[in-house]
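Enquirer: fold the following for me, if possible:
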Amino acid sequence: MNSHDFADSRRDRLRLLGRSLGRKIAFGFASTLGVGLFVISISNMSETSARGKSARETHMISAARRTRSGVLVICGGKLTTAIQRRFVALAGGPAARLVIITTGHQTPVGREEPIFEKRWDEFDDDVKSLDFFNARSRAEADDPKIVAPFRNATGVWIEGGKQSIIADRYLGTAVERNLKEVLDRGGVVGGHSAGAAVMSKVMISGGRENAGLARGFDLLPGFVIDQHFLKRNRFKRLRGVLKKFPDLVGLGIDEETAVVVENKRMHVIGESYAVACLPDSSPRAGAVEFLKEGDETDLASLRTADNVVITHADNIDALENITPPIAVAESLSETADQDEEDVEPTPMGERPIVANRQIAEADHRDVSSDHHDPMRVRRDIGATQY
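Expert: Residues are numbered from 1 along each chain as shown. Predicted coordinates:
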């Protein structure tokens, strides 16, 4: 091999080596770039997933905030001492500051107090304060001095009567706002009969088979409440409401029975049954769940679950005297021409209340302060007397 051939061969080897090194460098760069792009892609996916998770969590937190932290005690009618005692205990027992709203009865001025004094007299000496409240106008319901006891209340009970009067008087006023503030700070709001019906946003205002509807306080979102449920055979009435509002759960509560709602769960106390009518929008559309003393369930499962999980009472023997709910429903019919909430007496000289008139419309009826004290404080340690 001459010198020229050797030089050509050397150049060929160098070119081949250069090409090989070039390919290796290119492959290495591409691999590094690919790994980098993959890492970036995974990072972006994680970030997107995190953003989605964060959005979902934010939505869940927002929904949780809309669920108030206090306790509801919802009695279907015929308030019993046992249910009262549970309410008082939940409100703090000896430290409880109670406000009893008596507006629904609309009895003549000065005649309603003895009725409620007798009902709550047992607890007068066992709690820190016990106030009876009955604002006679929307203006009074917005008066800071009159509604002052609500600001320190640990428990508020709404008496029965006409739920349309209660809603008409207090919707959009300081009283309604204070009810929600009591729950927000962990207090208790309870009520029986009309005081139970007014707790749901879609409020059954009356009617026998076909319900009259109005707006209530929305203390139990996602539910519509019906009272005296088995005693007055109100299945058809509640079912009619659910057809109009298929996303709501119907909660029918019988007399001498209450549903206690706490920490997104509810349990039953009392002598009869609470009936949960599942919404038409749920997997178990139209299903009915009967809950008795001691039974407990999750609120969310009633709305969305394929299978509602109910923790049943352990002491079944103690409940042997309860009449089976189906037998009650089939054997009873409406015995009155009107519902309880529609037959309360109206004071002479006062115009009838029109349920849920415009919230912004003030009630300007004149009530002489000489004849009516909207808040009579029976015993309030350290409180201002109004």
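
Enquirer: so what are the domain limits for the chain?
Expert: Taking automatic domain parsing as the domain assignment, the ranges for the chain are 1-63, 70-380.

Enquirer: hmm, which helix or strand of this structure has the shakiest average pLDDT?
Expert: Taking mean pLDDT, DSSP states H and E as the measure, the helices and strands of the chain show their lowest mean at strand 375-380, namely a mean of 37.

Enquirer: circling back to that earlier point, between the domains of the chain, which gets the lowest average pLDDT?
Expert: Sorting the domains of the chain by mean pLDDT places domain 1-63 lowest, at a mean of 48.

Enquirer: so Ser205 sits against Ser164, correct?
Expert: Yes. Under the contact definition of C-beta atoms under 8 Å, Ser205 touches Ser164, with a separation of 4.8 Å. (Glycine included, C-beta is placed from N, CA and C.)

Enquirer: neighbours of Leu90, just the number please.
Expert: A count of nearby residues for Leu90, using other C-beta atoms under 10 Å, gives 21.

Enquirer: next one: the one 4 residues further on
Expert: As a burial measure, Pro94 scores 10 neighbours (other C-beta under 10 Å).

Enquirer: now for it: which residues touch it?
Expert: Listed by C-beta atoms under 8 Å, 6 or more residues apart in numbering, the contact set of Pro94 reads 126-128.

Enquirer: list buried residues within the residues you listed.
Expert: Taking 16 or more other C-beta atoms under 10 Å as the criterion, what is buried in those is 127-128.

Enquirer: could the contacts of Pro94 go into a markdown table alongside distance to Ser281 and secondary structure?
Expert: As requested, those are exported to a markdown table (distance: C-beta to C-beta, whole Å; DSSP: H, G, I helix; E, B strand; the rest coil):
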| residue | distance to Ser281 | secondary structure |
| --- | --- | --- |
| Asp126 | 45 | coil |
| Val127 | 42 | coil |
| Lys128 | 44 | coil |
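
Enquirer: so where do the helices sit in the protein?
Expert: Here the chain has its helices, by DSSP state H, at 3-66, 81-90, 113-120, 138-141, 163-170, 174-184, 194-197, 235-244, 299-304, 325-331.

Enquirer: elements contacting the fourth one?
Expert: So the one you mean is helix 138-141. Of the remaining helices and strands, those touching helix 138-141 by 3 or more C-beta pairs under 8 Å, 6 or more residues apart in numbering; DSSP states H and E are helix 163-170.

Enquirer: quick one: the strands in the stretch 201-350 of the chain?
Expert: The residue ranges that make up the strands of the stretch 201-350 of the chain, judged by DSSP state E, counting those that start in this stretch, are 202-206, 212-215, 223-227, 249-253, 257-262, 265-270, 274-277, 288-291, 296-298, 310-311.

Enquirer: quick one, which of these is nearest to Ala95?
Expert: Taking C-beta to C-beta as the criterion, Ala95 comes closest to strand 257-262 out of those, the separation being 18.3 Å.

Enquirer: for the closest one, which strands pair with it and how are they oriented?
Expert: Note on strand 257-262: by DSSP bridges, its sheet partners are strand 71-75 (antiparallel), strand 265-270 (antiparallel).

Enquirer: what inclination does the shortest one have with respect to strand 249-253?
Expert: When axes from the mean of the first three to the mean of the last three C-alpha atoms, to 10 degrees is applied, the directions of strand 71-75 and strand 249-253 differ by 60 degrees.

Enquirer: so what's Arg239 up against?
Expert: 250, 277.

Enquirer: I appreciate the help and will end here.
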